[in-house]
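Participant: let's see this in three dimensions:
(one chain, ligands or ions: 2)
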Amino acid sequence: MIRTAIVTLSDKGSKGEREDKSGEIIRTMLQQINTSIVAYEIIPDEKDLIIKKLREFSKLSDLIITTGGTGVGPRDITPEATRAVIEKELPGFGEAMRMEGMKHTPRAMGSRAVAGIYRQTLIINLPGSPKGVAENLSVVLPVIPHTINLIKGTVTDCAKDREQHPHR
Ligand SMILES: Nc1ncnc2c1ncn2[C@@H]1O[C@H](COP(=O)(O)OP(=O)(O)OP(=O)(O)O)[C@@H](O)[C@H]1O
Ligand SMILES: Nc1nc2c(c(=O)[nH]1)N[C@H]1C(S)=C(S)[C@@H](COP(=O)(O)O)O[C@H]1N2
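Facilitator: Ligands and ions are numbered 1, 2, ... in the order given. A predicted model of the protein is given here:
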């Protein structure tokens, strides 16, 4: 069971001015893999607060998924906060999400989403819009369990694991 935390970055959402559809989509899509939601919060786009929350949630989760604040708006700061926390970056996740996203909309190149590892927790940024969340998460979802197994050291032989699970 992958213990998962969801963090929605939204100034409007944190003030109760918008329903968090994006967080809800993450929750629904995660049912496709073996996860349990252990934490969920909507916070404003404040760098120090995001850093604090990522560190706090990493103590209780194997996976943290953020949504929002990845673009070029004046208050978009999620990638910088994530980079301040992670110890290893996984650039392939962002590359894959943007590459696939551009098949849907050229605006996908405007997301600066990053992914990486802090201690034993995988952190993945997703854009804020519900469509952006669904399209981006569908790209990385199949590799999340394998990545977490590698982080935790429960899979050490990638080649053998690939023979057993050729599609993930
Ligand atoms: N959590 C969410 N739930 C539903 N829709 C969202 C959410 N986050 C973003 N959106 C939608 O995606 C659009 C682009 O997201 P973006 O984060 O740039 O918006 P925003 O209005 O600046 O957000 P905020 O002021 O809440 O931080 C929003 O205008 C909204 O329509
Ligand atoms: N696949 C995909 N990626 C996407 C989108 C989308 O609809 N689909 N929306 C884009 C848009 S419009 C923006 S502004 C950026 C950043 O969104 P954020 O600032 O809400 O995180 O993500 C982009 N990435």
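Participant: would you mind listing the buried residues in stretch 159-168?
Facilitator: By 16 or more other C-beta atoms under 10 Å, the buried positions in stretch 159-168 come out as Asp161. Any C-beta I mention is one placed from the backbone N, CA and C, and that applies to glycine too.
Participant: who's in contact with the lowest-mean-pLDDT helix or strand in the chain?
Facilitator: Of all regular secondary-structure elements in the chain, judged by mean pLDDT, DSSP states H and E, the least confident is helix 158-164 with a mean of 78. Applying C-beta atoms under 8 Å, 6 or more residues apart in numbering, the contact partners of helix 158-164 are 146, 149-150, 155.
Participant: buried subset of the residues you listed, written for ChimeraX?
Facilitator: Here is the ChimeraX command that selects the buried residues among the contacts of helix 158-164 (16+ other C-beta under 10 Å):
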select :149,150,155
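Participant: quick one: contacts for the spatially most central residue of the chain?
Facilitator: By C-alpha atoms, centre = their mean, the chain has its centre lying nearest to Ile124, at 2.5 Å. Listed by C-beta under 8 Å, 6+ apart, the contact partners of Ile124 are 63-66, 93, 113, 115, 140, 144.
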